[in-house]
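Novice: Here is my input, please return the structure:
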Amino acid sequence: MKEQISLLVTGAGGMGGVNFVRALREASVAVGRKIFIVGTEYNTFHAHFPELDVSVRTPAHSDPDFLKTLLKVVREYRPDFIHPSPSSEAKVISGALDEFTNLHVHSLLPSEDSIAPDKDVIFERLSSAGVSVPDTRRLADIEDVKRAFLELGSPLWLRPKRGAGARLSLRVDTAEQAELWIRLNVLQGRAKLDEFILQSYLPGRDLAFDSLWLHGRLVTSSARERLEYPFKHISLTGLTGTPSVARTISEEAVNSVGTEAVIRLDAEPNGFYSVDIKEDGAGKLFVTEVDGKWHTTAPLWGYACSKVSRDVLQNIAYDYLLLGLGEELSQIPQYDLYQEGLYLIRQMDSGVVLLDGKTGRSWRVV
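Specialist: Numbers count the residues shown, from 1 in each chain. Predicted coordinates for the structure are as follows:
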């Protein structure tokens, strides 16, 4: 075991990157092991957030020079491991992974196809395998909207095939509402008509499943229910992506559905996978999304829970790093890494609180 680990974190200034770096800093203190972190970031303002040893600005992930810049950073700093935070950058790096492997950089990434797949691809792959997904209709022309309402009923959930955080999504009660929303976003250049899909509306609980895999083997996982979103009062849907309040749950059905969704997306899962699950009015579980990247709060949960429990194996970011470096993990549960009934409470400029829902005890962790 090396006394010092060096790694490259791309997109380090986004929420996921900041949480990942923070979690590793906590692990470094807990185990007394030096972790040297080189972080890259496109946004010059966000680059100030993470606690890095070296900060490097890169072009956007869509720029041909993005990959060249990362390889230059690797040659200069010789990191042991690379972790791309946003899905957009992970997809680029996974597609060129041999170039990093040839420079002796370890990673723990899924295939490029398993990272941020289109939502209609997800539903085709999962539904054909018998995993419950919402009834979904593609839109080739505006008349398909009326047909979707005739076939699926009302209300429906209108969303684009790509993107996270409920981007451009809306509950629509009539075909007219859906058509107006599509036309507005097309006119303002946010999307094209055929980039939208319509799905059955699911009014039940909003659940998340995060899982860590190694060459097809589930290593550990956790599940939670999202309870509130930041700035929900100014959002048309009440959803704004990452939650401001969520609580851990321990439910065999959720664990089973989350695991099955990952396996159906990727026959040999490797790395971290996130699954979004919604309930219908009767409590039946439906997978709405699965991605070969973790939710932005996954490392924050690990940071908070490991800090409070003083169990470094609850630090999921550190577990992931060790696995990627070929080190063994022992005594870690496959499911329910965190105890049930813990609330993670966040608000802009107010920090983060971990609350035990059973005892009422709370800890300010950030």
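Novice: Secondary structure class of the residue nearest the centre of the chain, three-state.
Specialist: The C-alpha lying nearest the average C-alpha coordinate of the chain belongs to residue 295 (CA atoms, centre = their mean; 2.3 Å). The three-state assignment at residue 295 reads coil, by DSSP: H, G, I helix; E, B strand; the rest coil.
Novice: which non-adjacent residue is nearest it?
Specialist: residue 274 (4.7 Å; CB to CB, 6 or more residues apart in numbering). C-beta: built from backbone N, CA, C; applies to glycine.
Novice: Let me know the helix or strand that the one you found is in.
Specialist: Element membership for residue 274, per DSSP states H and E: strand 271-279.
Novice: what's the answer for residue 258, then?
Specialist: helix 252-265.
Novice: returning to what we had before: ok, now which ones touch the residue nearest to residue 295?
Specialist: Residue 274 makes contact with 208, 209, 210, 211, 289, 290, 291, 293, 294, 295, 298 under the criterion CB atoms under 8 Å, 6 or more residues apart in numbering.
Novice: Which pLDDT value goes with the last one?
Specialist: In other words, residue 298. For residue 298, the model assigns a pLDDT of 97.
Novice: where along this structure do the helices fall?
Specialist: Secondary structure of the chain (DSSP state H): helices located at 15-31, 65-77, 87-95, 97-101, 119-128, 143-152, 175-187, 252-265, 298-309, 316-324.
Novice: Give me the residues contacting the helix holding residue 258.
Specialist: 114, 117, 122, 125-126, 129, 131-132, 207, 209, 211, 213, 218, 221, 223, 269, 273, 275, 277, 285, 287, 290, 292, 335-336.
Novice: Please flag which of those residues sit within strands.
Specialist: Members of the contacts of helix 252-265 lying in strands (criterion: DSSP state E): 207, 209, 211, 213, 218, 221, 223, 273, 275, 277, 285, 287, 290.
Novice: For those, name the two members farthest from one another.
Specialist: The span of these, defined through CB to CB, is set by 213 and 285 at 20.5 Å.
Novice: more crowded one of those two?
Specialist: For residue 213 versus residue 285, the count of surrounding residues by other CB atoms under 10 Å is larger for residue 213: 25 against 21.
Novice: Do I have it right that that one meets residue 220?
Specialist: No: using CB atoms under 8 Å, residue 213 makes no contact with residue 220, being 9.3 Å away.
Novice: quick one: strands adjacent to the strand holding residue 274?
Specialist: In the sheet containing strand 271-279, its partner strands are strand 206-214 (antiparallel), strand 285-291 (antiparallel), by DSSP bridges.
Novice: what would those look like in JSON lines with distance to residue 61 and mean pLDDT?
Specialist: Output for the strands paired with strand 271-279, formatted as JSON lines (distance: least, CB to CB, whole Å; pLDDT from 0 to 100):
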{"stretch": "strand 206-214", "distance to residue 61": "23", "mean pLDDT": "97"}
{"stretch": "strand 285-291", "distance to residue 61": "16", "mean pLDDT": "96"}
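Novice: Make TSV from the ones you listed and add distance to residue 184 to it.
Specialist: As requested, the strands paired with strand 271-279 are exported to TSV (distance: least, CB to CB, whole Å):
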stretch	distance to residue 184
strand 206-214	26
strand 285-291	24
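Novice: can you tell which of those is closest to residue 365?
Specialist: strand 206-214 (17.9 Å).
Novice: send the alpha carbons of the closest one over as CSV?
Specialist: Extracted C-alpha coordinates of strand 206-214, given in CSV (Å, rounded to 0.1, in the frame of the first residue of the first chain):
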residue,chain,number,x,y,z
ASP,A,206,-38.9,10.0,-5.2
LEU,A,207,-36.1,7.5,-4.5
ALA,A,208,-32.4,7.2,-5.3
PHE,A,209,-30.1,4.2,-5.3
ASP,A,210,-26.3,4.6,-5.4
SER,A,211,-24.0,1.6,-5.9
LEU,A,212,-20.3,0.8,-6.3
TRP,A,213,-19.3,-2.2,-8.5
LEU,A,214,-16.1,-3.9,-9.4
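Novice: Relative to the whole chain's centre, how far out is it?
Specialist: Centroid separation for strand 206-214 versus its chain: 9 Å, with CA atoms, centre = their mean, to the nearest Å.
Novice: what residues does that strand touch?
Specialist: Strand 206-214 has contacts (CB under 8 Å, 6+ apart) with 108, 218-226, 246, 249, 254-255, 257-259, 261-262, 269-279, 285, 294-295, 298, 301, 316, 319-320, 323.
Novice: before we move on, the earlier item: need the helices of the chain in JSON lines with mean neighbour count, can you?
Specialist: Output for those, formatted as JSON lines (neighbours: other CB atoms under 10 Å):
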{"stretch": "helix 15-31", "mean neighbour count": "22"}
{"stretch": "helix 65-77", "mean neighbour count": "16"}
{"stretch": "helix 87-95", "mean neighbour count": "22"}
{"stretch": "helix 97-101", "mean neighbour count": "14"}
{"stretch": "helix 119-128", "mean neighbour count": "17"}
{"stretch": "helix 143-152", "mean neighbour count": "17"}
{"stretch": "helix 175-187", "mean neighbour count": "16"}
{"stretch": "helix 252-265", "mean neighbour count": "20"}
{"stretch": "helix 298-309", "mean neighbour count": "25"}
{"stretch": "helix 316-324", "mean neighbour count": "25"}
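Novice: Quick one: low-confidence residue ranges for the stretch 1-150 of the chain.
Specialist: Along the stretch 1-150 of the chain, the model assigns pLDDT under 70 to residues 1.
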